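# Mind folding the following:
(chains A and B)
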Amino acid sequence: MKIRVNADKCQGHNRCCAVAPNLFDVDDFGNAFALNDGAVPDDEKANAQLAIDNCPEFAVEIVED
Amino acid sequence: MQERKPVESWETDYDIFDKQYVSDPFPIWEDLRGKCPIAHTERNGGSWLPVNFDDLQAFVGMVPELSSKEPIVVPPVDVPDEEIGADGGAPPITADPPIQNMYRRSILPFFTVKAVAKHRPYTEKLCNDLINRFHNTGKADAAVDYAQQIPPRVIAHMLGIDENRTDDFTQWVRNVLELGLTDIELRLKYRKVIRDFFFGVVANRRKNPGDEDLISQLIASRVGDEPLNDNQIVSMCNLLLVAGIDTTWSSIGAAMWHFASHEDDRKRVSADHGLFPTAIEEMLRFYAPVTMARVATTDVEYNGVTIKEGDRVLMNFPGACRDPKHFEDADKVIIDRQKNRHIAFGAGIHRCAGSNLARMEMDVALRTWFERIPEFSLVEGGEVTWAGGQVRGPRNVPVRF
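Have a look, this model is predicted:
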């Protein structure tokens, strides 16, 4: 599984970092990006889904299932 | 508040200051959702009221068609520019792009998760000190003695201003944002009080800069190549004070009210503090406090209505947070809710810049209370009044323990 944060949509709510801290981080302005080029290990798939389901901007996207 | 004319129809004559709307707006929104999801009123200068999540998401994206220059829920008062302040008086919330982005980037670094974590020890000590004042009495007003005391002190701490003037700050903010909404003289008077206060602070801080405080850092910062002028800094301080106080205490107060009046949820959280992260998001969703406004800069056709240039649109984020299309059992509090895409902090380019600070304050306030006072309940027959309009929250929450 591979994910990304759509930078045009992200407004820095930081929900992805809260629910999936191993998959996301933010820059100095609070805008999120995916760690490890978006790669999601199997044991983090549930957290990736949480990040998708909790983003108010629908900014967390699946690149590859 | 003075007596108001009864609402004839919530679809065509809604009144956000109506007693029923303030105390229990949820059945009204539910009813509107089934009929005309974007209501209209001629009251308070006229406005439109969306209630659906998807409509709110559409409206936050309408930039520049919907301007944020006048984000309060009642019409602005016609006053000279110099009395308003820079870029609407409280930028970035009162500004539109591209200038909005300039202001936003200058404050966002102070409000990241990492940046606000630095204020956690202060907030923890503050919450413990507040509880010490009433801990041995077995009773407290969890709104007045606790929730309302926290945000003004935290923001004063961040700005490096006198924390002992908290009661003044609180009174100023209420006179602008709560009582001042229906009393123009009061609103204007206290807007000036706040601005005069910060002009004094900024002048002083230019002479005696501090190392850590936000005002000194704003003075030292550059936007592009330019330093910020006093008017710009004062206007941003106005925002930080006004937007950071009423809102956060309303959320903390609403959460305290919920746990004081819902024993099952209180017991679950007391037994398992691991529930705090989802419980706090659910409190934010269920008791979302803030409604903002936009003004149309052009005619907007949307979902069967024509919003005319100059019309106000009330950004009913609390209503969106109860939309059953996006939240399963939307009218139930589910403290371990996993899917919670709420927009209590708004959405789009004006997403609350202080959301991480608010979440930190809520987290510390609730955890500290539950550690010290795990068993508490609402005083039977105790009167709980809710304030509303721009920011909805309980003004008193009498509890015993």
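
# Tell me which residue of the stretch 201-350 of chain B lies closest to chain A.
Nearest residue of the stretch 201-350 of chain B to chain A: B:Lys339, at 4.3 Å (Cβ to the nearest Cβ). C-beta: built from backbone N, CA, C; applies to glycine.

# if I look at the residue in chain A sticking out farthest from the centre, how far off is chain B?
Going by Cα atoms, centre = their mean, the residue of chain A most distant from its centre is A:Asp28, 16.5 Å out. Distance from A:Asp28 to chain B, counting by Cβ to the nearest Cβ, to the nearest Å: 5 Å.

# which residues touch the closest residue to that residue other than its chain neighbours?
What sits nearest to A:Asp28 in space, not counting adjacent residues and going by Cβ to Cβ, 6 or more residues apart in numbering or on different chains, is B:Pro109, at 5.1 Å. Contacts for B:Pro109 were tallied using Cβ atoms under 8 Å, 6 or more residues apart in numbering or on different chains; they are A:28-29, B:115.

# Among the residues you listed, which ones are in helices?
Among the contacts of B:Pro109, DSSP state H puts B:Ala115 in helices.

# Contact partners for the residue farthest from the centre of chain A?
By Cβ under 8 Å, 6+ apart, the contact set of A:Asp28 is B:108-109, B:112.

# What pLDDT does the model give the residue nearest to A:Asp28?
With respect to pLDDT, B:Pro109 scores 95.

# That one in helix, strand or coil?
Following DSSP: H, G, I helix; E, B strand; the rest coil, B:Pro109 is assigned to helix.

# Quick check: it vs B:Asp265, distance?
Distance, B:Pro109 to B:Asp265, using Cβ to Cβ, to the nearest Å: 36 Å.

# same check, this time on B:Glu3
B:Glu3 sits 36 Å away from B:Asp265, going by Cβ to Cβ.

# These two: which has the busier surroundings?
B:Asp265 (18 against 6; other Cβ atoms under 10 Å in any protein chain shown).

# residues in contact with A:Phe58?
Counted by Cβ under 8 Å, 6+ apart, A:Phe58 has contacts A:9, B:341.

# any idea which helix or strand carries it?
Assignment of secondary structure by DSSP states H and E places A:Phe58 within no helix or strand.

# returning to that earlier point: and the contacts of A:Asp28, which is closest to B:Ser67?
When the contacts of A:Asp28 are ranked by distance to B:Ser67 (Cβ to Cβ), B:Leu108 comes first, at 21.1 Å.

# next one: phi and psi at A:Val5?
The phi and psi values for A:Val5, taken as degrees, to the nearest 10, are phi -100, psi 120.

# That one contacts A:Ala59, correct?
Yes: assessed by Cβ atoms under 8 Å, A:Val5 is found in contact with A:Ala59 at 5.6 Å.

# Now do the buried residues in stretch B:218-232.
By neighbour count with 16 or more other Cβ atoms under 10 Å in any protein chain shown, stretch B:218-232 contains the buried residues B:218-219, B:221, B:228, B:231-232.

# Would you mind giving these as TSV with secondary structure and pLDDT added?
Compiled in TSV, the buried residues of stretch B:218-232 are given as follows (DSSP: H, G, I helix; E, B strand; the rest coil; pLDDT from 0 to 100):
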residue	secondary structure	pLDDT
B:Leu218	helix	94
B:Ile219	helix	95
B:Ser221	coil	87
B:Leu228	coil	94
B:Asn231	helix	95
B:Gln232	helix	94
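
# still on that earlier bit, three-state assignment of the residue of the stretch 201-350 of chain B closest to chain A?
Under three-state DSSP, the three-state class of B:Lys339 is coil.

# list the contacts for the nearest residue in space to it that is not next to it in sequence?
In space, and not counting its chain neighbours, B:Lys339 is closest to A:Asp53: 4.3 Å by Cβ to Cβ, 6+ apart. A:Asp53 makes contact with B:338-341, according to Cβ under 8 Å, 6+ apart.

# can you tell me how far A:Asp53 sits from B:Gln57?
Taking Cβ to Cβ as the measure, A:Asp53 falls 15 Å from B:Gln57.

# likewise B:Leu275?
Taking Cβ to Cβ as the measure, B:Leu275 and B:Gln57 are separated by 28 Å.

# quick one: the strands in chain A?
For chain A, the strands defined by DSSP state E occupy A:2-5, A:24-26, A:32-34, A:60-64.

# My guess is A:Lys45 contacts A:Met1. True?
Yes: with contact defined as Cβ under 8 Å, A:Lys45 counts as touching A:Met1 (5.7 Å).

# about what we covered before: now the strands of chain A as a markdown table including mean neighbour count, distance to chain B and mean pLDDT?
A markdown table is the format used below for those (neighbours: other Cβ atoms under 10 Å in any protein chain shown; distance: least, Cβ to the nearest Cβ, whole Å; pLDDT from 0 to 100):
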| stretch | mean neighbour count | distance to chain B | mean pLDDT |
| --- | --- | --- | --- |
| strand A:2-5 | 20 | 15 | 98 |
| strand A:24-26 | 19 | 6 | 98 |
| strand A:32-34 | 21 | 11 | 98 |
| strand A:60-64 | 16 | 11 | 96 |
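
# between the ones you listed, which one is nearest to B:Glu83?
With distances scored as Cβ to Cβ, the stretch of those nearest to B:Glu83 is strand A:24-26 (37.4 Å).

# gap between that closest one and the chain center?
Chain-centre distance of strand A:24-26: 7 Å, with Cα atoms, centre = their mean, to the nearest Å.

# Find the least confident helix or strand in chain A, judged by mean pLDDT.
Counting by mean pLDDT, DSSP states H and E, chain A has its least confident helix or strand at strand A:60-64, which shows a mean of 96.

# Contacts for it next, please.
By Cβ under 8 Å, 6+ apart, the list of residues contacting strand A:60-64 from outside reads A:1-6, A:16, A:38, A:48, A:51-52.

# relative orientation of the longest helix anywhere in chain A and strand A:60-64 in degrees?
Looking across chain A with DSSP H, the single longest helix is helix A:45-54. Here helix A:45-54 runs at an angle of 130 degrees relative to strand A:60-64 (axes from the mean of the first three to the mean of the last three Cα atoms, to 10 degrees).

# what about B:Arg359, neighbour count?
Using other Cβ under 10 Å, B:Arg359 has 21 neighbouring residues.

# what about the helices in the stretch 251-400 of chain B?
Ranges of helices in the stretch 251-400 of chain B, per DSSP state H, counting those that start in this stretch, are B:263-271, B:276-286, B:317-320, B:355-372.

# could those helices go into JSON lines alongside mean pLDDT?
Below are these laid out as JSON lines (pLDDT from 0 to 100):
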{"stretch": "helix B:263-271", "mean pLDDT": "98"}
{"stretch": "helix B:276-286", "mean pLDDT": "98"}
{"stretch": "helix B:317-320", "mean pLDDT": "98"}
{"stretch": "helix B:355-372", "mean pLDDT": "98"}
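
# how about low-confidence regions in chain A?
Applying pLDDT under 70 to chain A flags no residue at all.

# Get me the contact residues on the stretch 101-250 of chain B for chain A.
B:105, B:108-109, B:111-113 (Cβ under 8 Å from any Cβ of the partner chain).

# Give me the ChimeraX select line for those, limited to the buried ones.
Only the buried entries of those go into this ChimeraX selection, using 16+ other Cβ under 10 Å:
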select /B:108,111,112,113
